[in-house]
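In: sequence? don't have it. structure:
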């Protein structure tokens, strides 16, 4: 596959031709929250705050003057003083009411502009990919031997990718993040029409493939954060929901995307689960040090709500809704640990380990070699995976514009499988 990178002078990030055009838009959920509305509200806040300060100052001065005048007045002016006091009391009441009204208006405007509504953003990209494959060998066909070419290509594979980003800040420490995704080749795409699409519709990668025009949920999770843990200077975060492990560190550079937390060398799938991160930078004095725990479920063994299919016979059968199905593949679970010992923004070291249980693969009935039959997925066993990388974001200290904009990294990965025995 060939991707063309264009780099212009004074441009710090490469423009990937993918021909990639990304636009980030932020709008409020309600129509009246336009930029003009926000600017007007901000101006009104400033005006009201100035008026509040002026009224409070004037009120304090009036009270001081009243105290001085009371000490100096003589007894034969008591009657006039009482009348003036009544008038001043009325003025004071009006001032207090005015102050209360203004404070309520400021509070209401602050609530409307505090970001407590769902915000949307858009990342849309059009890509043209020139794909050139050198195959390991020609395809083998029974009774014909190796036939066909050992190269395959597509000079112009055109796609559209749309991400609709959603963010909502419920409180200072609780927020929601979501993303709807659409990934499609131009027009009608051959390759799966009229036949089973295989892995293209599988949950882990359905938004990563140029498949159809359906908009799907790519991510949706709540995010909790705080700067202390049990009174110690340990910033922490916790999230739960659909948190894809796609576009992780290093692999995100390929498409100029923001890096997700996993390291993309040996994991790049969409997943549902939870994560918890603890920062040790303030406690240890080491820049960027943190530990992150992740766990999720990549597949759920459960019957359909109304009926299910007996996988051994292929016939419908009655079963309790969402109950375990002993004839189907078991739950697919994953747990992992990310440890970053150092990251100052320019130099970083990252490590990651995870364990996946009950991984799956396609299951074919080859009893008739001339016509193998796809029988669904099957459990093939477990896997351990480990990766470590070192990255430099900008070589040297202003040695040259080219080196300042250069990203250098070295990454290594290791995996070992624990295959499930057949029979």
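Out: Yes, it's here. Note that the structure is a prediction, hence the values are computed from the model and not measured.
In: poorly predicted segments of the stretch 151-300 of the chain, please.
Out: For the stretch 151-300 of the chain, the stretches flagged by pLDDT under 70 are 190-199, 201.
In: who's in contact with residue 408?
Out: Shown in contact with residue 408 (Cβ atoms under 8 Å, 6 or more residues apart in numbering): 391, 392, 395. (C-beta placed from N, C-alpha, C; glycine too.)
In: what about those, which are in helices?
Out: Using DSSP state H to define helices, no part of those is located there.
In: can you list the strands that the helix or strand encompassing residue 161 pairs with?
Out: Applying DSSP states H and E as the criterion places residue 161 in strand 151-169. Here strand 151-169 is paired, per DSSP bridges, with strand 119-134 (antiparallel), strand 174-185 (antiparallel).
In: contact partners for residue 288?
Out: 281, 340, 342, 343, 344, 345, 348.
In: how close does residue 94 sit to residue 137?
Out: Applying Cβ to Cβ, to the nearest Å, the value for residue 94 to residue 137 is 92 Å.
In: for residue 268, same thing?
Out: For residue 268, the distance to residue 137 - Cβ to Cβ - is 26 Å.
In: next: residue 52.
Out: 80 Å.
In: of the two, who's got more company?
Out: residue 52 (16 against 8; other Cβ atoms under 10 Å).
In: tell me if I am right that the more buried one is in a helix.
Out: Yes - residue state for residue 52 (DSSP: H, G, I helix; E, B strand; the rest coil) corresponds to a helix.
In: so the nearest residue to it once chain neighbours are set aside: helix, strand or coil?
Out: Residue nearest to residue 52 in three dimensions, not counting chain neighbours: residue 102, with 5.3 Å by Cβ to Cβ, 6 or more residues apart in numbering. Here residue 102 is recorded as helix under three-state DSSP.
In: from residue 131, how far off is residue 139?
Out: 18 Å.
In: residue 56: which element?
Out: Going by DSSP H and E, residue 56 is in helix 35-72.
In: average pLDDT across that helix?
Out: The average pLDDT for helix 35-72 rounds to 65.
In: and what of stretch 372-382?
Out: 82.
In: what's in contact with it?
Out: 196, 311, 329-330, 355-366, 417-420.
In: need the worst-confidence member of the contacts of residue 408.
Out: residue 395 (90).
In: ok, it to residue 265 distance?
Out: 21 Å.
In: repeat for residue 338
Out: Residue 338 is 12 Å from residue 265, by Cβ to Cβ.
In: same question for residue 249.
Out: Taking Cβ to Cβ, one finds residue 249 at 8 Å from residue 265.
In: and residue 332, by the same measure?
Out: 21 Å.
In: ditto for residue 354
Out: Distance from residue 354 to residue 265, by Cβ to Cβ: 12 Å.
In: repeat for residue 246
Out: Residue 246 is 13 Å from residue 265, by Cβ to Cβ.
In: now stretch 266-280: how far from the chain's centre is it?
Out: 11 Å (Cα atoms, centre = their mean, to the nearest Å).
In: list the buried residues in that stretch.
Out: 266-275, 277-280 (16 or more other Cβ atoms under 10 Å).
In: hey, where'd the strands end up in the stretch 251-400 of the chain?
Out: 260-263, 272-279, 290-299, 308-310, 315-317, 332-343, 347-365, 373-393 (DSSP state E, counting those that start in this stretch).
In: in what helix or strand does residue 99 lie?
Out: helix 78-112.
In: now do that helix, average pLDDT.
Out: Rounded mean pLDDT across helix 78-112 is 65.
In: sec struct for residue 213, please.
Out: At residue 213 the chain is in coil, as set by three-state DSSP.
In: in the sheet, who's paired with the closest residue to it other than its chain neighbours?
Out: Spatial nearest neighbour of residue 213, excluding adjacent residues (Cβ to Cβ, 6+ apart): residue 184 at 5.2 Å. Residues in a beta bridge with residue 184, per DSSP bridges, are residue 160.
In: residue contacts, residue 184?
Out: Contacts of residue 184 (Cβ under 8 Å, 6+ apart): 159, 160, 210, 211, 212, 213.
In: how many neighbours does the fifth one have?
Out: Going back to what we said before, that points to residue 212. 17.
In: what sits closest to it if chain neighbours are left out?
Out: residue 184 (6.2 Å).
In: domain ranges for the chain, per the record?
Out: For the chain, automatic domain parsing gives the domain ranges 35-112, 227-423.
In: which of those domains is buried the deepest?
Out: Comparing the domains of the chain by mean neighbour count (mean count of other Cβ atoms under 10 Å), domain 227-423 ranks first with a mean of 15.
In: picking up where we left off before, for the contacts of residue 184, give me TSV that also has distance to residue 375.
Out: Shown next, in TSV, are the contacts of residue 184 (distance: Cβ to Cβ, whole Å):
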residue	distance to residue 375
159	31
160	34
210	27
211	23
212	24
213	30
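In: just the buried ones from those residues?
Out: Looking at the contacts of residue 184 with 16+ other Cβ under 10 Å, the buried ones turn out to be 159, 210, 211, 212.
In: pretty sure the first one contacts residue 209?
Out: No - contact status for residue 159 versus residue 209: not in contact, 9.7 Å apart, counting by Cβ atoms under 8 Å.
In: which neighbours do those two share?
Out: In contact with both residue 159 and residue 209: residue 183, using Cβ under 8 Å, 6+ apart.
In: re the thing from before, got the buried residues for the strand holding residue 161?
Out: Within strand 151-169, the residues scored as buried using 16+ other Cβ under 10 Å are 157, 159, 161, 163, 164, 165, 166, 167, 168, 169.
In: helix, strand or coil for the residue nearest to residue 228 when sequence neighbours are not counted?
Out: By the measure of Cβ to Cβ, 6+ apart, the closest residue to residue 228 outside its immediate chain neighbours is residue 234, 6.7 Å from it. When classified by three-state DSSP, residue 234 comes out as coil.
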